[in-house]
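Asks: Predicted model follows, preceded by the sequence.
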Amino acid sequence: MFDSEFECGNLEYAIYESTTANEQPRSFEVYKLLVQNDYNGFCNPCWFNFTVTNFQPLQIYKFQIGPFAQETSPFSRGKLPWVAFKSQEYVDCAGSVLSKIKYSEMVCTDNKRRYFLEFYVCFPLVSSRDVV
């Protein structure tokens, strides 16, 4: 489902957390997406780049992306993640990032503070073979 085997792709791995309906009327799938260190940026990733395939059209997904070392981020100041997709019927369309966007602190196992970007997205596509 997730891939970053291309130039500038930096997703290390994805963890499927759960499917839940507790926070919203519709159910959604939760994925924790861990990004690789930016070795040219003092090992502090502050960006992400990956593709998503084989998703369910109109399904809501919750992405938790990190860990980031910076306490402040464009996302903590209201910047929305950029989501684009290529469809068999459409070319370079925008995905729908839903309104619940959060940039929050988590304490990791090494007792260092790390930050995660959390948002909900819905891919309004007609084919699960489309690429985001």
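Replies: That came through, no problem.

Asks: Going by C-alpha atoms from here, please, whenever you check contacts or count neighbours.
Replies: Fine.

Asks: Going along the chain, name the helices of the chain.
Replies: Remark: helices of the chain are absent; assignment by DSSP state H.

Asks: Any idea which helix or strand in it has the lowest mean pLDDT?
Replies: strand 93-94 (a mean of 50; mean pLDDT, DSSP states H and E).

Asks: Leaving out the residues flanking it, which one is nearest to Asp3?
Replies: Thr51 (5.2 Å; C-alpha to C-alpha, 6 or more residues apart in numbering).

Asks: which stretches of the protein form strands?
Replies: For the chain, the strands defined by DSSP state E occupy 2-3, 11-20, 28-35, 51-52, 60-68, 84-85, 93-94, 96-97, 102-107, 113-122.

Asks: what pairs with the fifth one, and is each one parallel or antiparallel?
Replies: In the sheet containing strand 60-68, the strands it pairs with under DSSP bridges are strand 28-35 (parallel), strand 113-122 (antiparallel).

Asks: Please tabulate the ones you listed in TSV, including the columns distance to Gln64, mean neighbour count and mean pLDDT.
Replies: Shown next, in TSV, are the strands paired with strand 60-68 (distance: least, C-alpha to C-alpha, whole Å; neighbours: other C-alpha atoms under 10 Å; pLDDT from 0 to 100):
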stretch	distance to Gln64	mean neighbour count	mean pLDDT
strand 28-35	5	20	90
strand 113-122	4	20	87
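
Asks: ok, the closest residue to Tyr31 other than its chain neighbours - contacts?
Replies: Excluding its sequence neighbours, the residue lying closest to Tyr31 (C-alpha to C-alpha, 6+ apart) is Tyr16, at 4.7 Å. By C-alpha atoms under 8 Å, 6 or more residues apart in numbering, Tyr16 lies in contact with Glu29, Val30, Tyr31, Lys32.

Asks: show me the contacts for the first one.
Replies: Read it as Glu29. Contacts for Glu29 (C-alpha under 8 Å, 6+ apart) come out as Tyr16, Glu17, Ser18, Thr19, Thr20, Ile60, Tyr61, Lys62.
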